[in-house]
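Visitor: Let me see the structure of the following:
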Amino acid sequence: MAPYERLRTDGSTQSLDTGTWWYAAVAGEAADSFSTRVRKRMRHACLGSVLLFAVVYAGLVLTATGQRWENAVLAGRLTDETLAAAHEANRTLQYITVYSLAVALLVLTVIGMLRRRYALTVVALGTVGLSLFLVEVLKRYVLFRPDLVDAPPRLIPNSFPSGHTTIAMSVMFGLALVVPYRARGLAVGLCALWAMAVGAYTVAAGWHRPSDTIGADLIVLAVACGLVAVMARRGRVGPGRRRPLPLRTLLVLLLLCVAAVGGLGLGTVLLVDSMFAPQPTDPYLPHLAYRSGHALAAGASAAVTLVLLALLRHVDLDARPTHYRLTGTPVPPEPGPFPTEADHEIS
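Guide: Residues are numbered from 1 along each chain as shown. You can find the predicted model right below:
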């Protein structure tokens, strides 16, 4: 008797129902199966995001050097020559309310229901809800911001991570889960440009520090990767068709690449220049710090979006559960008593 067969009461054997997700979870898939590779990839990305989140919090919130730099970012915002842009950012952020979040969730639900992808709809809504829940719990009850540099009272309260950035990024990640595979790059790219602007606006308006935006990006990425890993564990992912990207999608992705490389590169250079300046009392340092923080906030959002698209490359989330035996190879359907050929005649 094969190891995947069970004994009937009459002594004969009957194969287990190997097409169910729980069989794959209990028996285990092959180490080289597609869903296993996706699950491992997402799990590693989730753990890496959590690790980077801890590094950002420890480096910019729990150190005196990091606090001085972020306080200089907020001070440099007031000396910015384009202060009108900050006022415009303030008005833009005011539209991100509970009502706008409800509308975004409704849009995700409608897209998923029209496509009859109920599990994906739940995962997309779960990405938004779980990300917001974790951010609010961490910001209000777990994480704190010690006063290490005798900052003014208005700069002491903790704002890490950013709730506004979490809303924008989680809605964009939810959209990546519910849209069709062939439209994912274009839809996510266009929505990512808006989410990236929201992250930069939070710094321009003085609502959040750069670390708040980067931390929110990493939290949403960790949640999305974790949920996709669960889907892969249940066998609900499959290989997507390998086809060239349309020109419009390439243009949007090119903009994201420029924003990610330019923002992170320029922001890092300005960060080092402003954080470790030989003359800390230079009046130009706050302006330099503001420029670096603004660039890092925008670049981090673009980079996290590109990471998600890279992780989901050639991954079709619309796949049905795959039939697996212990070897992890697909199981063909057992032949019936009658031939399946349409032109077969019985003589």
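Visitor: Give me the distance between Met42 and Arg236.
Guide: Separation of Met42 from Arg236 (CB to CB, to the nearest Å) stands at 12 Å. Every C-beta, even on glycine, is put in place using the N, C-alpha and C of the backbone.
Visitor: Next: Val73.
Guide: From Val73 to Arg236 the distance is 42 Å (CB to CB).
Visitor: thinking again about what came up before, so which of Met42 and Arg236 has more stuff around it?
Guide: Using other CB atoms under 10 Å, the more surrounded residue of Met42 and Arg236 is Met42, with 24 against 21.
Visitor: pretty sure the more buried one is touching Ala222, no?
Guide: No - with contact defined as CB atoms under 8 Å, Met42 does not count as touching Ala222 (10.0 Å).
Visitor: just checking, what packs against the biggest helix by length in the chain?
Guide: Using DSSP state H to assign secondary structure, the helix with the most residues in the chain is helix 247-275. Using 3 or more CB pairs under 8 Å, 6 or more residues apart in numbering; DSSP states H and E as the contact test, the elements touching helix 247-275 are helix 64-78, helix 184-204, helix 285-311.
Visitor: Out of the ones you listed, flag the one nearest Met275.
Guide: helix 64-78 (4.7 Å; CB to CB).
Visitor: hmm, who's touching the closest one?
Guide: 59-61, 86, 145, 148-149, 151, 155, 203-204, 206, 209-211, 271, 274-275, 280, 285-294 (CB atoms under 8 Å, 6 or more residues apart in numbering).
Visitor: Pull out the buried residues from the residues you listed.
Guide: 60-61, 86, 145, 155, 203-204, 206, 209-211, 271, 274-275, 285-294 (16 or more other CB atoms under 10 Å).
Visitor: if we can go back for a sec, nearest to Ser100 among the helices and strands packed on helix 247-275 would be which one?
Guide: helix 184-204 (11.1 Å).
Visitor: same for that closest one, what does it pack against?
Guide: helix 64-78, helix 83-93, helix 163-178, helix 210-233, helix 247-275, helix 285-311.
Visitor: where among the ones you listed is the average confidence lowest?
Guide: Lowest mean pLDDT within the helices and strands packed on helix 184-204: helix 83-93, a mean of 58.
Visitor: Kindly state which of the helices and strands packed on helix 184-204 is positioned closest to Leu105.
Guide: helix 163-178 (7.9 Å).
Visitor: hang on, isn't Lys177 packed against Asp318?
Guide: You called it Lys, but residue 177 is Leu. No - Leu177 lies out of contact with Asp318 (CB under 8 Å); the separation is 10.2 Å.
Visitor: higher neighbour count, the two?
Guide: Taking neighbours as other CB under 10 Å, Leu177 and Asp318 compare with Leu177 leading, 28 against 16.
Visitor: Show the contacting residues for that one.
Guide: 120, 123-124, 127, 224, 228, 317.
Visitor: Just give the closest residue to it, not the sequence neighbours.
Guide: Ala124 (4.4 Å; CB to CB, 6 or more residues apart in numbering).
Visitor: who touches the strand or helix carrying the one you found?
Guide: Secondary structure assignment for Ala124, by DSSP states H and E: helix 118-137. Applying CB under 8 Å, 6+ apart, the contact partners of helix 118-137 are 101, 104-105, 108-109, 111-113, 161-163, 166-167, 169-171, 173-175, 177-178, 216, 219-220, 223-224, 227-228, 231, 236, 317-318.
Visitor: what's the answer for stretch 181-194, then?
Guide: With CB under 8 Å, 6+ apart as the test, stretch 181-194 has contacts from 168, 171-172, 175-176, 179, 240-241, 243, 245-246, 248-249, 252-253, 255-256, 301-302, 305, 308-309, 312, 316-318.
Visitor: Next: stretch 43-61.
Guide: 66-67, 69-70, 143, 145, 158, 160-161, 209-211, 214-215, 218-219, 221-222, 225-226, 229, 307, 311.
Visitor: which of the residues in that stretch are buried?
Guide: Applying 16+ other CB under 10 Å to stretch 43-61 flags 43, 45-46, 49-50, 52-53, 56-57, 60-61 as buried.
Visitor: Fine, thanks again, bye for now.
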